[in-house]
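Novice: Provided below are the primary sequence and the corresponding predicted coordinates.
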Amino acid sequence: MNTIKPQKTGRILIIDDQPENIHVLANILQKEYEVQAATNGAKALEITYGKNPPDLILLDIVMPEMDGYEVCRRLKANKQIRDIPVIFVTVKKSVEDEEYGFNLGAVDYISKPFQPTVVRVRIRNHMNLKLKTEILEKLSLLDSLTNIPNRRSFDKELQREWKHALRSGHPLPVLMMNVDHFKHYNDNYGYGAGDECLKHITEAMNKKLRRPLDFFARYGGEEFVALLPNTDAPGTMQMAEQLRAAVAEANIPHEYSDTAPMVTISIGVATHSQETPKASLEELLMAADLALYQAKEKGRNQVQTDSPI
Ligand SMILES: Nc1nc2c(ncn2[C@@H]2O[C@H](COP(=O)(O)OP(=O)(O)OP(=O)(O)O)[C@@H](O)[C@H]2O)c(=O)[nH]1
């Protein structure tokens with residue numbers, strides 16, 4: 001008979017210099033969670049920075065070389081991993097010790113010797129909170145209609161890529177895309193049909209953006225935006241043209257468009273590069289917006305750029 005194994009709901013890293021202590025905690029937790037172990041701070045940091053970081057960390061304080069406080073300090077100093085909850089599990093149980101641990105950013109403090117049931121419940125609570133927070137964070141970065149990143153997510157990504165472009169000297173192209181005569185579409189086919197249209201357009205464009213660094217988001221309403229980091233000017237124009245064509249070729253009828261019998265988009269391209277440097281990311285966005293305005297002015301269903309090849 002096939003038995004269904006309950007799914008493990010998270011990964012826990014146990015850090016303790018005494019393997020037998022790790023064993024005791026692992027025994028309590030491994031039914032519910034995937035358990036990782038490290039007997040010193042250096043190994044713990046290696047696991048945490050690695051490909052499969054834990055969702056929660058149980059950390060002993062008294063360890064030779066790097067003690068638990070120092071491990072915690074280093075974890076909390078790193079932006080990428082500082083949100084992993086740390087729980088101290090220790091024989092140090094004075095109020096001052098606890099206070100010190102909490103001040104370093106720990107979420108809880110479990111004194112040894114401990115009651116397995118209490119440990120299990122406290123860890124389950126912290127794990128649930130961590131996983132739910134993660135889900136909410138992911139949702140807060142997604143556009144609910146199209147399921148692609150939203151403007152908030154784009155703003156974060158742009159900040160990151162802007163800094164990277166300044167450091168590396170690589171070009172950073174931005175594409176602003178706007179649906180043509182979308183007000184007529186909504187007014188004539190209805191807002192629900194308008195929503196469906198936005199979903200189809202998203203799909204059509206998403207299929208074309210294949211590079212791992214490409215970032216595509218809904219900027220708001222009927223406006224979309226894409227970042228194509230490290231793409232040169234000819235490549236950017238080719239990509240923009242492909243996106244424009246992909247929407248036209250989706251062939252979504254739009255009898256009320258003054259431009260074409262189907263839904264089309266206009267695209268404005270601006271690039272921060274050695275040839276066309278921008279003083280700030282705001283200037284980069286404004287340049288893309290201006291190019292989009294020109295694409296609309298010149299007849300829509302076309303690409304305009306501030307960085308001609
Ligand atoms: N269905 C739907 N419509 C939206 C959404 N967000 C914005 N819109 C509509 O998009 C339309 C945008 O209209 P305008 O800014 O006048 O632009 P346009 O009609 O596309 O004209 P041009 O951009 O000049 O070609 C408005 O009717 C908005 O109500 C959405 O989430 N769903």
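Specialist: Nice, I can see it.

Novice: The ligand contacts on the chain?
Specialist: Contact residues (Cβ under 6 Å from any ligand atom) of the chain with the ligand: 145, 178-184, 186, 191, 194-195, 198, 221-222, 296, 300. Any C-beta I mention is one placed from the backbone N, CA and C, and that applies to glycine too.

Novice: try it again with 5 Å
Specialist: Proximity of the chain to the ligand is confined to 180-183, 186, 191, 194-195, 221-222 under the rule Cβ under 5 Å from any ligand atom.

Novice: By neighbour count, sort out the buried ones in those.
Specialist: Buried members of those, counted by 16 or more other Cβ atoms under 10 Å: 180-182, 186, 194, 222.

Novice: re the thing from before, what is the nearest of the residues of the chain next to the ligand to residue 155?
Specialist: residue 221 (16.1 Å; Cβ to Cβ).

Novice: quick revisit: in CSV: the buried ones among the residues of the chain next to the ligand, plus distance to residue 269, secondary structure and pLDDT.
Specialist: Putting these into CSV (distance: Cβ to Cβ, whole Å; DSSP: H, G, I helix; E, B strand; the rest coil; pLDDT from 0 to 100) gives the following:
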residue, distance to residue 269, secondary structure, pLDDT
180, 17, coil, 98
181, 21, coil, 98
182, 20, helix, 98
186, 27, helix, 97
194, 26, helix, 98
222, 18, coil, 97
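
Novice: can you tell me which of those lies nearest to the ligand?
Specialist: Distance to the ligand, by Cβ to the nearest ligand atom, is smallest for residue 194 among these, at 2.5 Å.

Novice: who's in contact with the closest one?
Specialist: Residue 194 makes contact with 182, 185-186 under the criterion Cβ atoms under 8 Å, 6 or more residues apart in numbering.

Novice: Which stretches in the protein count as strands?
Specialist: With DSSP state E as the criterion, the chain has strands at 11-15, 34-38, 56-59, 86-90, 108-111, 172-179, 215-220, 223-227, 265-272, 303-305.

Novice: Return the set of buried residues in the second one.
Specialist: Of the residues in strand 34-38, those with enough neighbours to count as buried (16+ other Cβ under 10 Å) are 35-38.

Novice: can you list those residues in TSV and add distance to residue 237 and pLDDT?
Specialist: Formatted as TSV, the buried residues of strand 34-38 follow (distance: Cβ to Cβ, whole Å; pLDDT from 0 to 100):
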residue	distance to residue 237	pLDDT
35	52	97
36	47	97
37	53	97
38	50	97
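
Novice: Which one of those residues is nearest to the ligand?
Specialist: Nearest member of these to the ligand, counting by Cβ to the nearest ligand atom, is residue 36, at 43.4 Å.
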